[in-house]
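Q: Got a predicted structure plus its sequence, pasted below:
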Amino acid sequence: MLKTKLFTLLSLWLMLAFNAQAKLEIVITEGVDSARPIAVLPFTYVGEGKAPQDMGKIVAADLKRTGQFKPLSTSKLPAKTFDSQNPDFTPWNALGVEAIVVGEVDGPTDGKYQVTFELIDVLSEQQSPAANHVLDKRRTKIKPVQVRQFAHRISDIVYEKLTGERGAFLTRLAYVAVDLNNPHPYQLRVSDYDGYDEKLVVRSQEPLMSPSWSPDGRKLAYVSFENNRSQIFIQDVYTQERIELTSFPAINGAPRWSPDGKKMAMVLSKDGQPEIYVMDIATRDVKRITNNRAIDTEPNWSPDGKSLIFSSERGGKPQIYQVNLATGVTKRMTWEGEMNLGGSFTPDGQSLVMVSRNQGQYRIARQELNSGYLDVLTKTSLDESPSVAPNGSMIIYSTVYQGKKGLALVSMDGRFKAKLPARSGDVRSPAWSPYLN
């Protein structure tokens, strides 16, 4: 498993839009019952012609998928409207609702909709009935094609107001889809975090895996075998421009961007054994970081860019190590379980997320750096390739679902879980983008 991950395989550029429906469908499997009850009312449409898709439904789905909120179903709402100027909180208090999201879509005028929404704090009414209960209120004009995007923006605002943490709904996923019945069976795709607006980035007759986002969310790094050898490429998702980064003899694999976007960590075997290297992207200067007889692979950066973690067999079975880039001092980070690999830092730098094997089962785990406590978050038997949301709230990873390779979500505390099965073929090697503008 470890040696297989030395190769990140991708090939040939082709940017094509799929239809607007989600090719991945998020199916929540665990954790909603313990979430906080809120109400997201259907957005009222004021205008001529057919109403756009209900933004309230999109917002409710976003918040539910975090595992922290449990929006009331439409059938259980005590009312379909709410007047913040003359509020009646009685029926909402009776249901234990903490907050209400209410919105209106007006138009279109000059080709744009005017969207207004309010976030009402129900709990504050119990503490101070005379207070202003509106936590946020905004009015924005959007184009019809921006309806889903702006609904995710509303979700980000609501999430941050209610949790104090930034939302990650305006983000994207990159992943590899495999359909052996397709003339180009291996495809690198990107989509919104919820599977909508999927696009094909690269298709190939060769296997693909492990895409890596640049810190600005504009580019993907990957490895291609299209020329009968491994090569690392960087591709601009918007302009389609592609550049070759490496083409050394033997292995060119596992590219990972530095936090400032100026360097790339990677695995090379140009000097013999697979080792960790760092390249300056502008100058193409390469510096060897590790020098050990064992296989060193799967590098990932610390949030401050001063160190790398990586998987190594230098202690016998694969474990995660950290190397200080200034001093070269290396230390072992993981000790529990039969093996640990595929590690990455959480955005706050306080924990590691990894694949941990125990009793032959590969599962996603989180290790607190201060205490060393290892918390196994998943229950399935072949989980791998974890990628953390930029706000640190969720982890997306590859797993086996109904006999096929698919994606799954788990919250950082392990309470909330969801599957993202593909409609056809297998899906694997997810990468969660950074925040996008």
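A: Cool, got the structure. Numbers count the residues shown, from 1 in each chain.
Q: State the distance from residue 352 to residue 333.
A: Residue 352 sits 6 Å away from residue 333, taking Cβ to Cβ, to the nearest Å as the criterion. Where C-beta positions appear, they are placed from N, C-alpha and C, glycine not excepted.
Q: quick one, which of these two is more surrounded?
A: residue 352 (22 against 18; other Cβ atoms under 10 Å).
Q: and whichever helix or strand that one is part of, what does it pack onto?
A: Using DSSP states H and E, residue 352 maps to strand 351-358. Counting contacts by 3 or more Cβ pairs under 8 Å, 6 or more residues apart in numbering; DSSP states H and E, strand 351-358 is packed against strand 339-345, strand 361-368, strand 374-376, strand 384-388.
Q: now it, how far from the chain's geometric center?
A: 17 Å (Cα atoms, centre = their mean, to the nearest Å).
Q: So in that sheet, which strands flank that strand, and in what orientation?
A: strand 339-345 (antiparallel), strand 361-368 (antiparallel) (DSSP bridges).
Q: So for residue 81, which of the ones you listed sits nearest?
A: Of all the strands paired with strand 351-358, strand 361-368 sits nearest to residue 81, with 42.2 Å by Cβ to Cβ.
Q: between the closest one and strand 384-388, how many degrees?
A: 30 degrees (axes from the mean of the first three to the mean of the last three Cα atoms, to 10 degrees).
Q: any weak-confidence spans in the chain?
A: Residues of the chain meeting the criterion pLDDT under 70: 1-23, 32, 126-131.
Q: ok, residues contacting the strand holding residue 352?
A: The contact list for strand 351-358 (Cβ atoms under 8 Å, 6 or more residues apart in numbering) reads 309, 320, 333-334, 336-346, 362-369, 374, 376, 383-386, 388, 395.
Q: Buried ones among these?
A: The neighbour count (16 or more other Cβ atoms under 10 Å) marks 309, 320, 333-334, 337, 339-346, 362-367, 374, 376, 383-386, 388, 395 as buried among those.
Q: hey, what's residue 404 bridged with?
A: Assessed by DSSP bridges, residue 404 has beta-bridge partners residue 401.
Q: Count the residues that sit near it.
A: Neighbours of residue 404 (other Cβ under 10 Å): 15.
Q: same deal with residue 332?
A: For residue 332, the neighbour count with other Cβ under 10 Å is 13.
Q: hang on, the earlier thing: can you add distance to residue 402 and give the strands paired with strand 351-358 back as TSV?
A: TSV is the format used below for the strands paired with strand 351-358 (distance: least, Cβ to Cβ, whole Å):
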stretch	distance to residue 402
strand 339-345	23
strand 361-368	18
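Q: Compare those and give me the one nearest residue 95.
A: Residue 95 sits nearest to strand 361-368 of all these, at 33.5 Å, using Cβ to Cβ.
Q: about what we covered before: tell me, what's touching residue 352 and residue 333 both at once?
A: 309, 320, 343, 367, 369.
Q: Closest one of these to residue 284?
A: residue 309 (24.2 Å).
Q: and the closest one, what does it touch?
A: Per Cβ under 8 Å, 6+ apart, neighbours of residue 309: 299, 300, 302, 320, 321, 322, 323, 333, 343, 344, 345, 352.
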